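In: Pasted the sequence and its predicted model underneath.
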Amino acid sequence: MKITRREHLIGLGATGVALATGTGAAADGHSPTEHVVEMLNANPENSRKRQVFIPEVLRVNVGDTVTFKSVDRGHNSQVDEDMMPEGGTMWEGGINEDVTVTIEAEGAYGYYCTPHRTVGMVGLLLVGNALENYEDLKDVRQRGQARRRWEEIFEAADAIVEEARAEA
């Protein structure tokens, strides 16, 4: 899913109108939030960790937007069709392009950078409290360094998932 700058600005305008009129609040009462995930050649806090999304794990709510920001050249963000909830939001950004996604369904979403997937450039969105598909993501076969990176991500995400389930 490719969003043009114009479409993004129109969406932001609609969001502003919805917030101003009170129609922007989700069913759980929260107002939609905008999040940014940076696509980088190296983690700024650990330069030995190359080809990364920062943050690698992000918890959001239905109705929130996530912008995958192309900070360093050569990256994109694409949802992994094997790692998303039923009825989930699809996206595929172009190389060197930002992509903004409005999340429409609860669950866990795995995503990757197309040219750097096998070297471990992957990330995880945890949406809402209904994360029934989270454990299924752990069973998806991964190749190369992505396998090790997913293990690290799941280890970090397990505590977040437990917290979300306690809130449900």
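Out: Nice, thanks for sending it over. Everything numeric in this text was worked out from a predicted model, so none of it was measured.

In: rest of the way, CA atoms for contacts and neighbours
Out: Fine.

In: Can you point out the buried residues in the longest helix seen in the chain?
Out: Longest helix in the chain by number of residues (criterion: DSSP state H): helix 145-167. Within helix 145-167, the residues that qualify as buried are 146-147, 149-150, 153-154, 157, 160-161, 164, counting by 16 or more other Cα atoms under 10 Å.

In: and stretch 46-56, which residues are buried?
Out: Of the residues in stretch 46-56, 50-54, 56 count as buried by neighbour count, 16+ other Cα under 10 Å.

In: Tell me which entries of these lie within strands.
Out: 50-54 (DSSP state E).

In: Need those residues in a markdown table (columns: pLDDT).
Out: Converted to a markdown table, those look like this (pLDDT from 0 to 100):
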| residue | pLDDT |
| --- | --- |
| Arg50 | 95 |
| Gln51 | 96 |
| Val52 | 97 |
| Phe53 | 98 |
| Ile54 | 97 |
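
In: List just the nearest of those residues to Thr89.
Out: Nearest to Thr89 among those is Phe53, at 18.8 Å by Cα to Cα.

In: related to what we said a few turns ago, tell me how far the longest helix of the chain lies from the chain's centre.
Out: Taking Cα atoms, centre = their mean, to the nearest Å, one finds the center of helix 145-167 at 13 Å from the center of the full chain.

In: hey, C-alpha coordinates of it in CSV?
Out: The C-alpha coordinates for helix 145-167 follow below in CSV (Å, rounded to 0.1, in the frame of the first residue of the first chain):
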residue,chain,number,x,y,z
GLN,A,145,19.7,-13.9,10.6
ALA,A,146,16.0,-13.0,10.7
ARG,A,147,15.5,-16.2,12.8
ARG,A,148,17.8,-14.9,15.5
ARG,A,149,16.4,-11.4,15.4
TRP,A,150,12.8,-12.7,15.8
GLU,A,151,13.9,-14.7,18.8
GLU,A,152,15.2,-11.4,20.4
ILE,A,153,12.0,-9.5,19.4
PHE,A,154,9.7,-12.2,20.9
GLU,A,155,11.7,-12.3,24.1
ALA,A,156,11.3,-8.5,24.4
ALA,A,157,7.6,-8.7,23.4
ASP,A,158,6.5,-11.5,25.7
ALA,A,159,6.3,-9.1,28.7
ILE,A,160,4.4,-6.5,26.7
VAL,A,161,1.9,-9.2,25.5
GLU,A,162,1.4,-10.3,29.1
GLU,A,163,0.7,-6.8,30.1
ALA,A,164,-1.8,-6.3,27.3
ARG,A,165,-3.6,-9.6,28.2
ALA,A,166,-3.9,-8.4,31.8
GLU,A,167,-5.5,-5.2,30.7
